[in-house]
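> compute the structure for the input listed below.
(chains A, B, C and D)
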Number of protein chains: 2
Amino acid sequence: MVLTDDEMSFLTENGSEIKYPKGQIIFSEGQKVNEIYFIKSGLVKIYRTTADGRQVSVGLRYAGDFIGCAEIFSNYTEREYSAEAMGKVSILIVWKDSFKKMLAERPQFSEKILELMSTRLREAQNTLYDFIMNPIQGRLAILLLSMAQRAGVEGEDDIIPVRLRVTQEELACVIGSARQTISSLLNMFREDGSIIYKGREIIGINTKKLKSWIQE
Amino acid sequence: MVLTDDEMSFLTENGSEIKYPKGQIIFSEGQKVNEIYFIKSGLVKIYRTTADGRQVSVGLRYAGDFIGCAEIFSNYTEREYSAEAMGKVSILIVWKDSFKKMLAERPQFSEKILELMSTRLREAQNTLYDFIMNPIQGRLAILLLSMAQRAGVEGEDDIIPVRLRVTQEELACVIGSARQTISSLLNMFREDGSIIYKGREIIGINTKKLKSWIQE
DNA sequence: AATTTATGGTCAGCCACACGACCATAAATT
DNA sequence: AATTTATGGTCGTGTGGCTGACCATAAATT
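I've put the predicted structure just below:
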């Protein structure tokens, strides 16, 4: 979502910018809902912690996204999910009331937010669909593609150069799988030429080849 | 979501009511997006058809819900999913422009729709979470609970009397499983006392017992 | 009433993939 | 430089649940 200069300056004036190092918790489940967050830069994981301590992610959010907004609109008092910085993240925190005021005063902004929510809803539904349809390698391919499209330069149709430093554990928790499985799959993708994977970093992905792993 | 009399009468005036028999397609993927639908009564399945002809559902919608709205707000020209009546369904069809006009003219209604979208987003995220966390019996338990809560009388904490006539095939497609598996699980739930299941109808569910099948 | 179709029950076979175990290497900390 | 910690590779093992096959019964159609 792209904000106008005007909207951006309103947020800047009425919010405060905070930088989080990798691994820092931005908010966590159960906390009181008083503010909304705008990601200026970086990658954020939205997740929930299970009874036995594992993390289950329901999505990643990128620069330009608002997070923590669903609770505000449905007037929830407590966070349902946690958010964690997956790298250096710069965030603008805006108080709930300021944000609601902005919504009320600017119908165009309000429209934009409605658009944001519906886009995100469709994304969530598509993710659900992909989950049902695809075995693990398909889900991983989908995840890598979407991460690359956000982070990388849209090059030729073929290879997108990227720079993805995510641990296998993180990938596993996003697609609901086990670390060991991710390990084998990444190696399989590498041998196949679907990704260029050196050390602990994915430095390129081959869009076409990756897509061939996806069902439907 | 509950509409005011005023909102309801606007919809009635600017829309046309249509009744669908069981199995009827309300709209289908690929169709042009010109209208929005309000469910007056009945149960609607939102799904997508896969290349090999199977159906994968991403959710059920009940009376009082709008369907087909995400495409409108994100200005999609084509439907991404299909909708099918799972029983007798009564629907109010409202043209896109009338609906957008209503949104623009009534800020309170606009707020309500934003609330609807965020609630639905949270539901979708929760479903995703449940999918990752729960094995099939857990997902089935969750589905039965949510259907019963919408359809049934909220009785004691224990047994809710309901009247669910859904085929095992339908249940399978909603939770992404196979018909045979549903068959065994329903029988297991019956023996366990989690549900009262006679012939082809579930006539009661035991909330507590069903919940014990759910992870977390 | 007779036939066809839709739905449900059950069983055997198979395989994807989670899990545990263990070691290798890289990164971080001292 | 030495030690500790985080991350990645790989291999068995076990099993949940999908697939296919087949029959029983209920519902719909003639």
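> so what pLDDT did the closest residue to A:E7 other than its chain neighbours get?
Spatially, and ignoring its direct neighbours in sequence, A:E7 is nearest to A:F109 (5.7 Å; CB to CB, 6 or more residues apart in numbering or on different chains). Just so you know, the C-beta spots here come from the backbone N, C-alpha and C atoms, and that holds for glycine as well. On the pLDDT scale, A:F109 is placed at 94.
> count of residues packed around A:F109?
By other CB atoms under 10 Å in any protein chain shown, the residues close to A:F109 number 19.
> do the one 5 residues further on as well
Burial measure for A:L114: 22 neighbouring residues, criterion other CB under 10 Å.
> could you report the distance from A:S28 to A:A85?
Note on A:S28: its distance to A:A85, by CB to CB, to the nearest Å, is 12 Å.
> who has more neighbours, the two?
For A:S28 and A:A85, the more surrounded residue by other CB under 10 Å is A:A85, and the numbers stand at 21 against 14.
> in the top helix by length along chain A, what counts as buried?
Scanning chain A for the longest helix, with DSSP state H as the assignment, gives helix A:107-133. In terms of neighbour count (16 or more other CB atoms under 10 Å in any protein chain shown), helix A:107-133 has its buried residues at A:109-122, A:124-133.
> name the helices or strands packed onto that helix?
Helices and strands touching helix A:107-133, by 3 or more CB pairs under 8 Å, 6 or more residues apart in numbering or on different chains; DSSP states H and E, are strand A:55-61, helix A:96-105, helix A:136-151, strand B:55-61, helix B:70-73, helix B:107-133.
> tell me the strands beside the worst-scoring helix or strand of chain A on mean pLDDT, with direction?
None of the helices or strands of chain A scores lower by mean pLDDT, DSSP states H and E than strand A:159-164, at a mean of 87. With DSSP bridges as the test, strand A:159-164 is paired with strand A:201-206 (antiparallel).
> residues in contact with the partner strand: which ones?
Strand A:201-206 is contacted by residues A:144-145, A:148, A:152, A:158-166, A:186, A:193-197 when judged by CB atoms under 8 Å, 6 or more residues apart in numbering or on different chains.
> list only buried entries from those residues.
A:144-145, A:148, A:152, A:159-160, A:162, A:164, A:166, A:186, A:194-197.
> pipe these into CSV and attach distance to B:P21 per row.
Converted to CSV, the buried ones among the contacts of strand A:201-206 look like this (distance: CB to CB, whole Å):
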residue, distance to B:P21
A:L144, 44
A:L145, 41
A:A148, 46
A:G152, 49
A:I159, 52
A:I160, 49
A:V162, 51
A:L164, 51
A:V166, 50
A:L186, 50
A:S194, 47
A:I195, 50
A:I196, 55
A:Y197, 54
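> so among the residues you listed, where is pLDDT lowest?
Comparing those by pLDDT, A:G152 comes last, at 67.
> residues touching A:L116, list them.
Contacts of A:L116 by CB under 8 Å, 6+ apart are A:M1, A:F66, A:C69.
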